[in-house]
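Engineer: Generate coordinates for the sequence data below:
(3 chains)
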Amino acid sequence: MNFVKTIAAVAALLFAQGARAEGTIKVGLLAEFSGPFAGYGKQIQSGIKAYMKQHGDTVAGKKVELVLKDTTGPSPEIAKRLAQDLITHDKVDFIAGFGLTPNALAVAPLATQAKTPMIVMNAASSIITTKSPYVARFSMTLPQVTEPMALWSAKNGIKKVFTIVSDYAPGLDAESAFVKSFSSQGGEVVGSVRVPLRNPDFAPFVQRAKDAKPHAVFIFVPAGEQGIAFVKAFTERGLRQAGIKLIGPGDVVDDDVLEAMGDPTLGIITTHHYSAAHDSPENAAFRKAYAEANGEGTRPNFMAVAGYDGIAAIYEVAKKLDGKMDADRAMEVIKGIKLNSPRGPIQIDPETRDIVQTVYVRRVERVKGGLYNVEFDKFPNVKDPGKPAN
Amino acid sequence: MSAAPAVALPDARWRPAEVVFWLVAVAAIFLFPGHLVLGSQVLITGLFALSLDLILGYAGIVSLGHAAMFGAGAYTAGLLAKHGWGEPLSGLLAAAAVGAIIAWGTSFIAVRGGDLTRLMVTLGIGLLLYEAANQAAWVTGGVDGLSDMAVRDLLGVFPFDLAGRTAYVYSLAVLFAVFLVCRRIVRSPFGLSLRGIRDGARRMPAIGSPVRRRLIAVYTVAGAIAGVAGALLAQTTQFVGLEVLGFSRSADLLIMLVLGGAGWLYGGLVGAALFMIAQSQLSSINPVYWQFWLGLLLVVMVFAARGGVVGAAAAARERFLRGASR
Amino acid sequence: MFASLPGVLFDGVAYGSLLFLMSIGLSVTMGLMRFINLAHGAFAMLGGYVCVVGMARLGVPFLLMLPAAFLVAAVAGAVLERTLYRRLYRRSPLDQVLFSLGLTLMSVAGATYVWGSGQQPVHLPGFLLGQVRVLGVDVGVYRLFLVALVGAITAGLVLLVRRTRFGARIRASVDDAQASAGLGINVTQVFSVTFALGSGLAGLGGALAIDVLGLDPTFPLKYLVYFLLVVVVGGAGSIAGTLAASLLLGVFDVSGKYYVPAVGAFVIYGLMVVLLLLFPGGLRRGAR
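Structural biologist: Prediction:
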């Protein structure tokens, strides 16, 4: 009898290997956790941790389990292989994360093939949501946050602009959205430059901008280190002294590195969907939970809030489906979902599965607590104007 | 360089170890059904390493830019599939042709000059191609990569499934076919002359062997094979990223080949398997550790274990046989 | 457009000077010991991190950290040369490539482990910031400082090589190590000291480069190509050749990025292949 029991136990173990435990909801978190974009994955994960700190790690009677995978940077092939692992091995119910567009683009076809919902928590190029009916985005798109910048600038005395963007999909999105919108308001784009994605030295490009004598320089680079390098070159070349303003989407003054960038950032005006200084009860609660989950004094940025809202949506799906995960029904729940995010009210457009949110105009100021993007104007309910992809 | 054995007469018999090797590769389909994606990537990289072995292990050309042909093959297959021609096998042939052309075109510079110049030229060409692909983003997709590839079913019957089984069998079949060709080449008089060039290029003309022509020939063949490997990667992953042309792909390949042992044909395959399996295990724990220990391994190998894994195994076998025959 | 030429040229010269400082050690190593040292960038990186640590942790001012960066990198070079590099002088290029590649990987991993993968900021002293007007052109003060410093160091190097006995020994050993040893020159010592000097200069260059090129653990791999480029194009072992190549590449890189930013990075590699085709032995034509 013991012999049979042992065999049964061993057999059970063998068969359990790789099978999904029935009582969990597995969420694959595929993002950058090492390399030059390491901050992206970390912020997204920290935002998720904040939510789970507030709401616990169980929903609809099941435990939510995160499986982390590191893409190490803009490496679409690694992302694709890891996503395949997540689907076939870990049998995840959702694949979330995606700090960079190239990685999201590579994984989208897999989401369709495997019928696994894909929750984009940062990648910002418009075409991503068109690549699969199982993609929903909780971050933003570049055209969405850029167009208000063009509108605001045209109304505020900026008539001539020189644009500098990083040469990849979001950068091109930002450039074309700005140029289109700004020109339609009567503004003039006096020059455009595209820099390589991991460019170390902005000096020649900034110099060229300065020589064109614009009223303002429009900048888009991926948040983090590129922003630091750019602002350094901008300051060093004396553009501020020459009276040239710096405008652009909020990536260049990312909350994650703003404090480290210091006073050269004062006065930079940007448009974005989230500032850590946003004044609302949801944000206050978010910041508190964030500090508790990740350490005193840590500050969330727009990627953290997208992680927060993304996992909130997953919890919503779990509640509505009573824990029984099904991709098509999950997408039905997500389409049209409305959340009171720490950034402001957000909604997922049922047709495009992309995010609709308020875009704020902010200025970098030194307030109690440090350097922050202080909001002073806003554009509510902005949809992504970038579809269909140009 | 490597602890090469005494030059053996071309021997077409299959050693038992070789048979086992290929049987294991086939058995993996049934033994490791959940790891076939990694498996096909190992096979593809093995094929790529095979092509480097031809020029490094047999002809003595140190190249830091072999990814140029690999990437070119990948983009060829990718672009064909994206723009309507999704048939896999003909895609492979097209990629082989492109790889061969690029290799042939650059071979004139690559076989000239001393080791350092060759290193620089191969490196430079690799980087040039990378930048060109980056700039020509309207064709290649740039950093965002080439997606929307519509690769049709293999032989019209087998679709490329999510678990990677078709991809694995496809890669294995192509690898084996190319391997047979390479085996024939190195056991031919041409192959022997390559080894002669590797060991003492200056003496070769004295026996009437046209050094430059031989090198160009082998470089071109290696380029074709690298192109095929690249196309395989593109077709099985349905994606081409800019990294197919990157420096780290070339550098990692060199490491894999040396790890396994250059000049044995199997060295590249063994090295690729060891490297990639170890990398996938250790990298997921901590990428920093992987890099550090890999570096340390390289340093130790240069001082201690010349000839790589296969070389060491062959040397051990020699000693064993010598001991047994006493 | 051409009104900006003097400014762009100056920027190119500044960039080229930095490249020269970081590459001259590699040039001499390759010319003297015929050793392909792909790990050369690691010494530059070491100098950079020494500078950052000294300023951030010990509060030492930037200018004082520069000689410290030089010294630490030089000592590291001397130690590694003695223990490891020395045994590989006669080995094949492949072995040398593998060894130095291994060292590079270890240094990159080590730097990531200790300092993380992010960029290291450096806060230059106030008097090195901003711009000044020189001959009607706005030039950055820091870049002016770079050019002046490297100019002085180059002059010093030339003096060392041409006017001192040690310099004569170096030149003799580059020409023919065997014959020099036969004449009683302690070639081993020449190798050691030169390697240390070259590494030290690289370290100094690395510290100076933080503000211009940034500093992160991937530095050795990122800029390896540029160093190799400079050495191969300029001719290994030649100070004048290395200088010419550095300045040429610096100017072309910056001008490329300024005038045709769409193909900026491309220009350098294209230039290299062209130069290699025309001068397979490097630019080393005139006097050393």
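Engineer: Now name the helix or strand holding residue A:110.
Structural biologist: helix A:101-114 (DSSP states H and E).
Engineer: Which secondary structure elements does that helix sit against?
Structural biologist: Of the remaining helices and strands, those touching helix A:101-114 by 3 or more CB pairs under 8 Å, 6 or more residues apart in numbering or on different chains; DSSP states H and E are helix A:76-88, strand A:118-120, strand A:135-137, helix A:169-184. For glycine as for every other residue, the C-beta is placed from the backbone atoms N, C-alpha and C.
Engineer: Now do the longest one: which elements does it pack against?
Structural biologist: Where contact means 3+ CB pairs under 8 Å, 6+ apart, helix A:169-184 is packed against helix A:101-114, helix A:142-155, strand A:160-166, strand A:188-195, strand A:216-220.
Engineer: hmm, who's touching the helix or strand of chain C with the lowest mean pLDDT?
Structural biologist: When each helix and strand of chain C is scored by mean pLDDT, DSSP states H and E, helix C:264-278 comes last, with a mean of 75. If you take CB atoms under 8 Å, 6 or more residues apart in numbering or on different chains as the criterion, helix C:264-278 is touched by A:196, A:204, B:109, B:117, B:120-121, B:124-125, B:127-128, B:131-132, B:134-135, C:226, C:229, C:232-233, C:248-249, C:252-253, C:255-257, C:260, C:283.
Engineer: Return the subset of the residues you listed lying in helices.
Structural biologist: A:204, B:109, B:117, B:120-121, B:124-125, B:127-128, B:131-132, B:134-135, C:226, C:229, C:232-233, C:248-249, C:252-253, C:255-257 (DSSP state H).
Engineer: where exactly do the helices run in chain A?
Structural biologist: Under DSSP H, chain A gives helices at A:2-16, A:38-55, A:76-88, A:101-114, A:142-155, A:169-184, A:203-211, A:225-236, A:255-261, A:281-294, A:302-320, A:327-334.
Engineer: sorry, that was for chain B
Structural biologist: Going by DSSP H, chain B shows helices at B:16-31, B:36-53, B:67-82, B:88-110, B:115-135, B:137-140, B:165-186, B:189-200, B:211-237, B:247-260, B:266-285, B:287-303, B:308-324.
Engineer: do the same with chain C
Structural biologist: Under DSSP H, chain C gives helices at C:5-32, C:40-57, C:62-83, C:93-115, C:141-163, C:165-175, C:177-182, C:187-213, C:219-234, C:239-259, C:264-278.
Engineer: What is the neighbour count of residue B:206?
Structural biologist: 8 (other CB atoms under 10 Å in any protein chain shown).
Engineer: and it, how far is that from chain A?
Structural biologist: According to CB to the nearest CB, to the nearest Å, residue B:206 and chain A sit 48 Å apart.
Engineer: ok, which residues in the stretch 251-390 of chain A are in contact with chain C?
Structural biologist: residue A:260 (CB under 8 Å from any CB of the partner chain).
Engineer: May I see the buried residues of stretch B:311-320?
Structural biologist: B:311, B:313, B:314, B:315 (16 or more other CB atoms under 10 Å in any protein chain shown).
Engineer: Hmm, I typed the wrong one, I wanted stretch C:68-85.
Structural biologist: Those would be C:68-74, C:76-78, C:80-81, C:85, for stretch C:68-85 by 16+ other CB under 10 Å.
Engineer: Could you dump the residues you listed into JSON lines and include distance to chain B and pLDDT?
Structural biologist: Converted to JSON lines, the buried residues of stretch C:68-85 look like this (distance: CB to the nearest CB, whole Å; pLDDT from 0 to 100):
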{"residue": "C:68", "distance to chain B": "26", "pLDDT": "94"}
{"residue": "C:69", "distance to chain B": "23", "pLDDT": "95"}
{"residue": "C:70", "distance to chain B": "25", "pLDDT": "96"}
{"residue": "C:71", "distance to chain B": "25", "pLDDT": "96"}
{"residue": "C:72", "distance to chain B": "21", "pLDDT": "96"}
{"residue": "C:73", "distance to chain B": "19", "pLDDT": "96"}
{"residue": "C:74", "distance to chain B": "21", "pLDDT": "96"}
{"residue": "C:76", "distance to chain B": "15", "pLDDT": "96"}
{"residue": "C:77", "distance to chain B": "16", "pLDDT": "95"}
{"residue": "C:78", "distance to chain B": "18", "pLDDT": "95"}
{"residue": "C:80", "distance to chain B": "11", "pLDDT": "95"}
{"residue": "C:81", "distance to chain B": "15", "pLDDT": "94"}
{"residue": "C:85", "distance to chain B": "11", "pLDDT": "91"}
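Engineer: who's in contact with the closest residue to residue A:154 other than its chain neighbours?
Structural biologist: The spatial neighbour of residue A:154 that comes closest, neighbours along the chain excluded (CB to CB, 6 or more residues apart in numbering or on different chains), is residue A:185 at 3.5 Å. Neighbour list for residue A:185: A:150, A:151, A:154, A:155 [criterion: CB under 8 Å, 6+ apart].
Engineer: check contacts around residue 44.
Structural biologist: No chain was given, so I picked chain A. Per CB under 8 Å, 6+ apart, neighbours of residue A:44: A:29, A:31, A:97, A:99, A:121, A:122, A:303, A:304, A:306, A:307.
Engineer: I was thinking of chain C, sorry if that wasn't clear
Structural biologist: Here residue C:44 is in contact with C:22, C:73, C:202, C:203, C:205, C:206, C:209, C:219, C:220, C:223 (CB under 8 Å, 6+ apart).
Engineer: Same question for residue B:246.
Structural biologist: Taking CB under 8 Å, 6+ apart, one finds B:67, B:71, B:130 in contact with residue B:246.
Engineer: Same question for residue A:153.
Structural biologist: Counting by CB under 8 Å, 6+ apart, residue A:153 has contacts A:161, A:182, A:187, A:216, A:247.
Engineer: Among the residues you listed, which one sits closest to residue B:86?
Structural biologist: residue A:182 (41.2 Å; CB to CB).
Engineer: Tell me how many other residues surround that closest one.
Structural biologist: Neighbours around residue A:182, by other CB under 10 Å: 25.
Engineer: My guess is it contacts residue A:147. True?
Structural biologist: No: under the criterion of CB atoms under 8 Å, residue A:182 makes no contact with residue A:147, lying 9.1 Å away.
Engineer: contacting residues for residue B:293?
Structural biologist: Residues near residue B:293 by CB under 8 Å, 6+ apart: residue B:282.
Engineer: Output the helices of chain C as a markdown table; include the columns distance to residue A:336.
Structural biologist: Shown next, in a markdown table, are the helices of chain C (distance: least, CB to CB, whole Å):
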| stretch | distance to residue A:336 |
| --- | --- |
| helix C:5-32 | 54 |
| helix C:40-57 | 51 |
| helix C:62-83 | 57 |
| helix C:93-115 | 44 |
| helix C:141-163 | 55 |
| helix C:165-175 | 75 |
| helix C:177-182 | 78 |
| helix C:187-213 | 49 |
| helix C:219-234 | 46 |
| helix C:239-259 | 47 |
| helix C:264-278 | 45 |
